[in-house]
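Engineer: Turn this into a structure:
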Amino acid sequence: MRPLMAIALVLAAGLGIYALTANRDREPERLPFPPLSGSEESSPFDELPSAPIAQDFAPKPVDFDGRQAMRYLGDVCAIGPRITGSDGMKKQQEMLKKHFENLKLQVKAQTFTAKQGSVGKPMEMTNLIVSFQPDKKKRAILCSHYDTRPLADQEPDRRKWKEPFLSANDGGSGVAFLMEFAQHLPKLDLEVGVDLVFFDAEEFIFDRDLDRYFLGSQHFALAWRKLGKERPDYMGAVLLDMIAGKRPRFPVEQHSFRGAKALTLNLWNIAKQQGCDMFVQEHGDTVLDDHLALINVGIPAVDVIDFRYPHWHRLSDTPENCAPDGMIQVSKVLGAWLQTLR
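Structural biologist: Numbering: from 1, shown residues only. A predicted model of the protein is given here:
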């Protein structure tokens, strides 16, 4: 199948990232979410079944600097809100381009056009794809959304919904984590390539009845599927969402368990082996998130999320209410997992 993706120059204001685009003038097809079998209610369990992890597995440790990750989080939040299509988002894109190119990684922008019902006109949106060892066919995805919600809709006082808020953990923590984690990729024993993907328009929502979530991840997934034989062989994807709260817990998200069971078991058993107790071996919430678009096109994808973060969608979601501990444990798990891939 001939690739439908072409290289084009995008992003004004001198951003200068080359774009990986697919039918950018058309509204992207909408992916259905996978149905859940049985009850959607989560149920606790004592122990996850064992996964095929060698007992003598000894991966190279990731020398992840939690303090540096928190500094990156501060830099991201210093931009202010990073709403899809805003000046803040463009500043964030410029910052990320410079950061990853300084690490000698390939940076591409996947630009597309979509329209929200409440906005009324098509808007340009951009996923960023940062590639380590881009020549390798077998690859893994580490991903996060990097847009911030336009409305703080969990504030009890509705008059505060339109006030600007920083979304430090929800939208910032995954970005900060990947900025720090990327520096350690060359030091690991990896036989696969790694794509760090930043999804736009995860929650570009003004009206819940009219607007759609996850526009960026759906576009990414469909563009990958349309590449046919040309597409990367993604062995798995891990979505990072709200990983920097204080004393976070990462139970097993239920769409991940049903849609990518082997990968889920693998990750939580690696976490147990690595002594990462924030990855609790019990069922958690059933969360609609960016991983669903990947599962829909056949990419095993798992959502690592602290969905009980108390400052979710509130003005109090600031760096002061974040901590590095969750990011440090996530780095141990992902570093070990990547080294198991062959």
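Engineer: and the closest residue to G80 other than its chain neighbours, how far is that from T126?
Structural biologist: Excluding the flanking residues, the one nearest G80 by C-beta to C-beta, 6 or more residues apart in numbering is G88, at 5.0 Å. C-beta here means a position set from N, CA and C on the backbone, and glycine is covered the same way. G88 is 13 Å from T126, where distance means C-beta to C-beta, to the nearest Å.
Engineer: Would you work out how far apart the start and end of stretch 231-248 are?
Structural biologist: This stretch, stretch 231-248, spans 35 Å end to end (C-alpha to C-alpha, to the nearest Å).
Engineer: Enumerate the positions of it that are buried.
Structural biologist: Across stretch 231-248, burial judged by 16 or more other C-beta atoms under 10 Å covers 231-232, 234-245, 248.
Engineer: quick revisit: G88 and T126 - which one has more neighbours?
Structural biologist: The neighbour comparison of G88 against T126 (other C-beta atoms under 10 Å) goes to T126, with 27 against 18.
Engineer: coming back round to it: residues contacting the residue nearest to G80?
Structural biologist: Neighbouring residues of G88 by C-beta atoms under 8 Å, 6 or more residues apart in numbering: 79-82, 148.
Engineer: Filter the residues you listed down to the ones in strands?
Structural biologist: Among the contacts of G88, no residue falls in strands (DSSP state E).
Engineer: Output those residues in TSV; the columns should cover pLDDT, distance to F307 and neighbour count.
Structural biologist: Converted to TSV, those look like this (pLDDT from 0 to 100; distance: C-beta to C-beta, whole Å; neighbours: other C-beta atoms under 10 Å):
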residue	pLDDT	distance to F307	neighbour count
I79	98	25	19
G80	98	25	16
P81	98	22	21
R82	98	21	24
T148	98	17	30
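Engineer: nearest to Q281, of those?
Structural biologist: Closest approach to Q281 among the contacts of G88 (C-beta to C-beta): T148, at 31.8 Å.
Engineer: pretty sure the closest one contacts I79?
Structural biologist: No. Contact criterion C-beta atoms under 8 Å: T148 and I79 do not qualify, at 9.7 Å.
Engineer: Pull the CA coordinates from stretch 262-275 and hand them back as CSV.
Structural biologist: The C-alpha trace of stretch 262-275 is given here as CSV (Å, rounded to 0.1, in the frame of the first residue of the first chain):
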residue,chain,number,x,y,z
ALA,A,262,-0.4,-9.6,28.2
LEU,A,263,1.3,-6.1,28.2
THR,A,264,-0.6,-5.1,31.3
LEU,A,265,0.5,-8.3,33.2
ASN,A,266,4.0,-7.8,31.9
LEU,A,267,4.3,-4.2,33.2
TRP,A,268,2.8,-4.9,36.6
ASN,A,269,5.0,-7.9,37.1
ILE,A,270,8.1,-5.9,36.2
ALA,A,271,6.9,-3.3,38.7
LYS,A,272,6.7,-5.9,41.4
GLN,A,273,10.1,-7.3,40.5
GLN,A,274,11.6,-3.8,40.5
GLY,A,275,10.1,-3.0,43.9
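Engineer: Buried residues in it, which are they?
Structural biologist: 263-274.
Engineer: of all the buried residues of stretch 231-248, which comes closest to L73?
Structural biologist: Among the buried residues of stretch 231-248, and counting by C-beta to C-beta, the member closest to L73 is A244, at 6.6 Å.
Engineer: State the distance from that closest one to D290.
Structural biologist: 17 Å.
Engineer: cool, D153 as well?
Structural biologist: 19 Å.
Engineer: Repeat that for A69.
Structural biologist: 21 Å.
Engineer: what residues are up against the spatially most central residue of the chain?
Structural biologist: By C-alpha atoms, centre = their mean, the chain has its centre lying nearest to S144, at 1.6 Å. Contact partners of S144, counting by C-beta under 8 Å, 6+ apart, are 171, 173-175, 177-178, 197-199, 239-241.
Engineer: Check H184 too.
Structural biologist: By C-beta under 8 Å, 6+ apart, the contact list for H184 reads 62-64, 331, 335.
Engineer: So which of these belong to helices?
Structural biologist: Counted as lying in helices by DSSP state H, out of the contacts of H184, are 331, 335.
Engineer: What subset of the contacts of H184 is buried?
Structural biologist: 62, 64, 331, 335.
Engineer: got a pLDDT number for the nearest residue to the last one once chain neighbours are set aside?
Structural biologist: Just to be clear, that refers to G335. Closest residue to G335 apart from its sequence neighbours, by C-beta to C-beta, 6+ apart: V62 at 3.6 Å. The model reports V62 with a pLDDT of 95.
Engineer: Adjust the sequence numbering to begin at 17 for everything that follows.
Structural biologist: Got it, the first residue is 17 from now on, which makes the last one we talked about V78.
Engineer: right, and V78 touches A198 too?
Structural biologist: No. Using C-beta under 8 Å as the test, V78 is too far from A198 to be in contact (11.1 Å).
Engineer: re earlier: how would you label the residue nearest to G96: helix, strand or coil?
Structural biologist: Assigned by DSSP: H, G, I helix; E, B strand; the rest coil, the conformation of G104 is helix.
Engineer: Also Y250?
Structural biologist: Three-state call for Y250 (three-state DSSP): strand.
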